[in-house]
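Visitor: fold the following for me, if possible:
(one chain, ligands or ions: 1)
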Amino acid sequence: MATPKGYVDPDYLRVVGEFLNQLKRRTYTSMQIETGHKVLDVGCGPGTDTIPLAQLVGSTGQVNGVDYDEAMVAEAEQCAEKAGVSAWVKHKQADATSLPFESGYFDSCRSERLFQHLLNPAAALAEMTRVTKIDGWVVVLDTDWGSGGIDTSEIDVERRLSRFNAERMFHNGYSGRQLYRLFKKQGLTDVSFEVFPVAVTSYALGRQMWTLDRLEREALAENIITEDELHRLQTSCEQADAEGVFFGYGCVTLVAGRKGGHL
Ligand SMILES: C[S@@+](CC[C@H](N)C(=O)[O-])C[C@H]1O[C@@H](n2cnc3c(N)ncnc32)[C@H](O)[C@@H]1O
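Guide: Down below sits the predicted model:
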């Protein structure tokens, strides 16, 4: 299969996952998980969340993860095996817009940094809602690539790169800001939202988290920036880093809603 837009590998997901650990935990809290619950993680990657979720539901519960990337699913299955939770944690290959589960099967359902990749996020949310039982929680954490930026004297270059990233490197790069609307239009009730800044003070970590090698390569190829402009931007970031004052941030949005009896 051709590499999809914005593809990241399991190692990347583990590094970012550790960085976002507090936010991940917050999504679990929003799901209101109890021992014995059945929960679903859509766009589960290499099992970054299904394994911790397994501890929360316990062996009387059930965790399902789906991802459309077969390699991610295979890696997630291995991780569950290694963690000793494979009896109640299963991963399957599936598309978020066509979930292979009965309606009302799960007590709660989550996805994290999936919607940014979707061409039809409303269809995925409708599916997540369908497979969740009445009164169960649907929780989505996603990035808004149009928020945030890097402190640099080369602000014009940085702004062009940032916009190119949001609009061309992802199918749905402004995902974070759309979630509240999507949840309300889906008819979910008790909809709550929180927006979290994710700040980085290491240029090396920023380059990795924002996949800057790929972004810069593609922006050069599309003539969004010149080699000279990129060199100036990189030099300013390297200088800031050497002085211990590098600063960049992005924003993620967490939205939770409950499936009412009308759905
Ligand atoms: C940025 S990763 C996040 C993975 C995981 N949720 C985490 O927090 O580590 C996005 C994941 O969504 C998956 N994905 C993208 N589009 C999908 C789709 N239409 N249906 C299911 N999974 C999808 C990718 O294969 C990838 O594993």
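
Visitor: what's the mean pLDDT across the helix ranked longest in the chain?
Guide: Ranked by residue count and defined by DSSP state H, the top helix of the chain is helix 227-242. Across helix 227-242, pLDDT averages out at 98.

Visitor: go on, stretch 119-139?
Guide: Average pLDDT, stretch 119-139: 98.

Visitor: and for stretch 104-113?
Guide: Stretch 104-113 comes out at a mean pLDDT of 98.

Visitor: before we move on, what about stretch 171-180?
Guide: The model assigns stretch 171-180 a mean pLDDT of 98.

Visitor: do that stretch and the ligand meet?
Guide: No - applying CB under 6 Å from any ligand atom, one finds stretch 171-180 separated from the ligand by no less than 8.5 Å. C-beta: built from backbone N, CA, C; applies to glycine.

Visitor: residue 98: how many residues sit nearby?
Guide: A count of nearby residues for residue 98, using other CB atoms under 10 Å, gives 11.

Visitor: show me where the stretch 101-250 of the chain has its strands.
Guide: Remark: strands of the stretch 101-250 of the chain, listed N- to C-terminal, are 106-112, 132-150, 189-200, 248-258; assignment by DSSP state E, counting those that start in this stretch.

Visitor: from those, which stretch is densest packed?
Guide: Most buried of the strands of the stretch 101-250 of the chain by mean neighbour count (mean count of other CB atoms under 10 Å) is strand 106-112; its value is a mean of 26.

Visitor: and the pLDDT for residue 7?
Guide: Per-residue pLDDT puts residue 7 at 66.

Visitor: next up, phi/psi of the residue in the stretch 151-263 of the chain that the ligand sits nearest to, please.
Guide: Closest to the ligand within the stretch 151-263 of the chain is residue 171: 8.5 Å, counting by CB to the nearest ligand atom. Note on residue 171: backbone dihedrals following degrees, to the nearest 10 are phi -70, psi -30.

Visitor: and for residue 223?
Guide: The phi/psi pair for residue 223 (degrees, to the nearest 10) reads phi 60, psi 30.

Visitor: tell me how many other residues crowd it.
Guide: Neighbours around residue 223, by other CB under 10 Å: 7.

Visitor: and for residue 29?
Guide: 12.

Visitor: and the residue nearest to the spatial centre of the chain, what does it touch?
Guide: For the chain, the residue nearest the mean C-alpha position is residue 113 (1.2 Å; CA atoms, centre = their mean). When contacts are counted by CB atoms under 8 Å, 6 or more residues apart in numbering, residue 113 touches 43, 141-143, 252.

Visitor: contacts made by the worst-scoring helix or strand of the chain on mean pLDDT with the rest, please.
Guide: Every helix and strand of the chain was ranked by mean pLDDT, DSSP states H and E. The lowest is helix 10-19, at a mean of 78. Applying CB under 8 Å, 6+ apart, the contact partners of helix 10-19 are 24, 45-46, 48-49, 71-72, 75, 198, 205, 208-209, 211.

Visitor: can you select the buried ones among the residues you listed for me in ChimeraX?
Guide: To isolate in ChimeraX the members of the contacts of helix 10-19 that are buried, counting by 16 or more other CB atoms under 10 Å, one can use:
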select :24,45,46,48,49,72,75,198,208,209,211
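
Visitor: same for the ligand: which of the contacts of helix 10-19 are within range?
Guide: Counting by CB under 6 Å from any ligand atom, 45, 48-49, 72 from the contacts of helix 10-19 sit close to the ligand.

Visitor: which one is residue 8 nearest to, not counting chain neighbours?
Guide: Distances taken as CB to CB, 6 or more residues apart in numbering put residue 211 closest to residue 8, at 6.8 Å, once the chain neighbours are dropped.

Visitor: how much space separates the residue nearest to the centre of the chain from residue 232?
Guide: Plainly put, residue 113 is 31 Å away from residue 232 if you go by CB to CB, to the nearest Å.

Visitor: sorry, back to before: compute the inter-axis angle for the least confident helix or strand of the chain and strand 106-112.
Guide: Orientation of helix 10-19 against strand 106-112 (axes from the mean of the first three to the mean of the last three CA atoms, to 10 degrees) gives an angle of 100 degrees.
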